[in-house]
Structure formats: C-alpha cells, structure tokens
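Participant: Structure of the sequence below:
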Amino acid sequence: MTATVLHRPTNATIDLKAAMFPNGFPWIEQPKTFRHTFDVYLKDSNATGNVYFARYFEWQGICREKWFFECIAADMLQTLGVFVTKEARQNYIHETFAFQKVTCEINTFAVKQCSFSLLFRFYVEGQLVSSGHQQIVFADHNKKIARLPAEILDKIRMYQANAEQLGSLG
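Facilitator: Sure thing, here's the model as predicted:
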C-alpha cells in the first residue's frame with residue numbers, strides 16, 4: 001500500500017511560519033551592532049543646556065576606537081599601517097541635554113578591500129537624536145592605500161548594516 005501526500009501551500013502555512021519565527025528567520029544571520037553609552041554632563045553643553053554639536057564628532061571618534069579595539073583588532077593594526085578618516089558627517093535630529101544618557105550604535109557599510117564606512121546612530125531613551133558616518137581608508141606607513149587583511153575584513157563585515165539601519169543616513 002502506498003500513500004501520496006499532496007502539498008498545497010495555504011495561508012495557514014504562512015501563518016505557521018510567522019508564529020514559529022516572529023523575529024524573522026533565525027538562519028538568516030543579522031548583523032552585529034556595537035553599542036556604547038555616554039553620560040552627558042554640563043561640560044558637554046552650552047549655557048542653555050544643549051549638547052554642543054561638536055561633541056557628536058568627538059563621540060564618533062571614541063566609539064570608533066572602542067569598536068575597533070574591542071571587536072576588530074586590539075592592536076589597531078599599528079604594525080601594518082594607519083587608518084585615515086576620509087570623510088565624516090553628522091546629522092542632528094533632536095536636541096540633547098546635560099544629564100541624559102546617549103547611546104551610540106555602530107554598523108559598517110560600503111566595505112571594500114581598502115576602506116569601509118561606519119554608520120553612527122545616537123539615541124536618547126530609544127529616540128534617534130543624531131546619525132552620521134565616516135569613511136575610513138587603510139594606508140601603509142608610507143601613507144599609500146593598502147588592503148586590509150582578509151580576517152579583518154571578515155570581522156568588519158559581521159557589522160554590516162541592513163537596509164533598515166542604512167535608512168537613518170538620510
């Protein structure tokens with residue numbers, strides 16, 4: 001005796017997948033996101049309490065270095081060369097004030113053999129208050145553009161932003 005099972009997709013099949021995987025499909029790897037939180041003090045603000053716009057560029061640098069040191073290479077690849085910031089940009093969306101906590105999230109995009117870009121998103125209590133990016137180029141000690149080691153590129157790609165994250169570039 002043999003039995004034939006016919007598989008006909010139904011809406012119930014789609015609903016079952018949604019019920020089983022409410023946060024998407026687990027076998028599709030999501031990018032890693034690096035996070036660092038700052039406490040904002042009076043020294044970070046002007047007389048009216050607004051955070052100085054220049055602080056965001058300082059915070060980009062701090063977060064970039066911390067991300068690279070903790071997630072990519074603790075030696076910052078100093079024996080192989082240097083990182084050069086080719087471009088930096090910051091978009092201000094909402095004011096921030098002294099005594100708030102600002103969380104920065106970092107992802108990468110436009111990853112190439114010799115360069116990559118970093119996406120910075122700054123949040124206060126879950127609200128996006130500023131976003132920016134930096135294009136970083138790797139150069140040897142003679143200041144000639146050089147390829148990043150393959151294992152470093154692999155680590156950088158683990159943080160590659162998805163379309164939703166890139167939407168904050170504006």
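Participant: Only C-alpha atoms from now on, for both contacts and neighbour counts.
Facilitator: Noted.
Participant: Now do the buried residues in stretch 114-132.
Facilitator: Buried residues in stretch 114-132, defined by neighbour count with 16 or more other CA atoms under 10 Å: 114-124, 128-132.
Participant: residue ranges with poor pLDDT in this structure?
Facilitator: Along the chain, segments meeting pLDDT under 70 span 1-29, 168-170.
Participant: Grab the longest strand from it for me.
Facilitator: strand 127-139 (DSSP state E).
Participant: Return that strand as PDB; C-alpha atoms alone will do.
Facilitator: What follows is strand 127-139, C-alpha atoms only, in PDB (Å, rounded to 0.1, in the frame of the first residue of the first chain):
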ATOM      1  CA  GLN A 127      14.700  58.000  20.200                       C
ATOM      2  CA  LEU A 128      17.100  58.700  17.400                       C
ATOM      3  CA  VAL A 129      18.700  62.100  18.100                       C
ATOM      4  CA  SER A 130      21.500  62.100  15.600                       C
ATOM      5  CA  SER A 131      23.100  60.000  12.900                       C
ATOM      6  CA  GLY A 132      26.300  60.200  11.000                       C
ATOM      7  CA  HIS A 133      29.000  58.300   9.100                       C
ATOM      8  CA  GLN A 134      32.700  58.200   8.500                       C
ATOM      9  CA  GLN A 135      34.600  56.700   5.500                       C
ATOM     10  CA  ILE A 136      37.800  55.100   6.700                       C
ATOM     11  CA  VAL A 137      40.700  54.200   4.500                       C
ATOM     12  CA  PHE A 138      43.600  51.900   5.400                       C
ATOM     13  CA  ALA A 139      47.100  53.000   4.400                       C
END
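Participant: Who are the packing partners of it?
Facilitator: Using 3 or more CA pairs under 8 Å, 6 or more residues apart in numbering; DSSP states H and E, the elements in contact with strand 127-139 are strand 82-92, strand 115-124.
Participant: Report the angle between that strand and strand 82-92.
Facilitator: 160 degrees (axes from the mean of the first three to the mean of the last three CA atoms, to 10 degrees).
Participant: what's the spacing between strand 127-139 and its chain's center?
Facilitator: Counting by CA atoms, centre = their mean, to the nearest Å, strand 127-139 is centred 8 Å from the centre of its parent chain.
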